[in-house]
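>>> Sequence and predicted model, in that order:
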Amino acid sequence: MSRFIEKGYFVKENSPIYLTEDMNNTIKWFEEVLGWYSNIVEKDYEGNGLYGVVFDILPEIEITHLAPFTGFQLFRGKPEQRTISFMQVQNIETMYEYIISKGWNKITQVETQPWGGKTCSLTTIDGYIINIFQ
């Protein structure tokens, strides 16, 4: 406990950086396939997104900062086809079925792991991999 007191700070949120060359297309995917919400905060002079966010809770709740941010920070840039997140969810099977029902098949079956959790992997429209667990 002394190290915690000594350092004098704590992390309130931690969100992955998600690079995309087409923020509108990426946001559309998160909204249509995952059922998430979005906000493009900054645009260039042509109206293309420079910075935005995608998140799973209602915008009215997210904006209050009463709950920790659980989404992705979007920046314009070249996507990196790699694992971007190990995301904990509740009702992983329901999430899997929701994604499949939206016509997206780049998700693995939910599997029970030796450590007792359940996992699956989702590949996004930009090629990122989100490892999901419950």
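Nice, I can see it.
>>> Residue 88 and residue 125, how far apart?
Distance, residue 88 to residue 125, using CB to CB, to the nearest Å: 22 Å. From N, CA and C alone the C-beta is placed, and that goes for glycine too.
>>> Mind checking which of those two has more residues around it?
Taking neighbours as other CB atoms under 10 Å, residue 88 and residue 125 compare with residue 125 leading, 17 against 11.
>>> For stretch 57-67, what does the pLDDT average out to?
The average pLDDT for stretch 57-67 rounds to 73.
>>> What of stretch 75-82?
Mean predicted confidence for stretch 75-82 is 96.
>>> Convert it to PDB, retaining C-alpha atoms only.
C-alpha atoms of stretch 75-82 as PDB (Å, rounded to 0.1, in the frame of the first residue of the first chain):
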ATOM      1  CA  PHE A  75      -7.000   8.300 -35.000                       C
ATOM      2  CA  ARG A  76      -6.400   8.700 -38.700                       C
ATOM      3  CA  GLY A  77      -3.500   6.400 -39.700                       C
ATOM      4  CA  LYS A  78      -2.600   3.100 -41.300                       C
ATOM      5  CA  PRO A  79      -4.200   0.200 -39.500                       C
ATOM      6  CA  GLU A  80      -1.900  -2.400 -37.900                       C
ATOM      7  CA  GLN A  81      -3.200  -6.000 -38.400                       C
ATOM      8  CA  ARG A  82      -2.500  -7.200 -34.900                       C
END
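>>> Can you list the buried residues in it?
Of the residues in stretch 75-82, 76, 79 count as buried by neighbour count, 16 or more other CB atoms under 10 Å.
>>> ditto for stretch 30-47
30, 33, 34, 36, 37, 38, 39, 40.
>>> ditto for stretch 8-28
If you call a residue buried by 16+ other CB under 10 Å, then stretch 8-28 has these buried ones: 18, 19, 20, 23, 26, 27.
>>> could I get those as TSV with distance to residue 54 and secondary structure?
Output for the buried residues of stretch 8-28, formatted as TSV (distance: CB to CB, whole Å; DSSP: H, G, I helix; E, B strand; the rest coil):
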residue	distance to residue 54	secondary structure
18	8	strand
19	13	strand
20	10	strand
23	10	helix
26	8	helix
27	6	helix
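>>> Distance to residue 93 added to those, as JSON lines?
As requested, those are exported to JSON lines (distance: CB to CB, whole Å):
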{"residue": "18", "distance to residue 93": "25"}
{"residue": "19", "distance to residue 93": "30"}
{"residue": "20", "distance to residue 93": "28"}
{"residue": "23", "distance to residue 93": "30"}
{"residue": "26", "distance to residue 93": "26"}
{"residue": "27", "distance to residue 93": "26"}
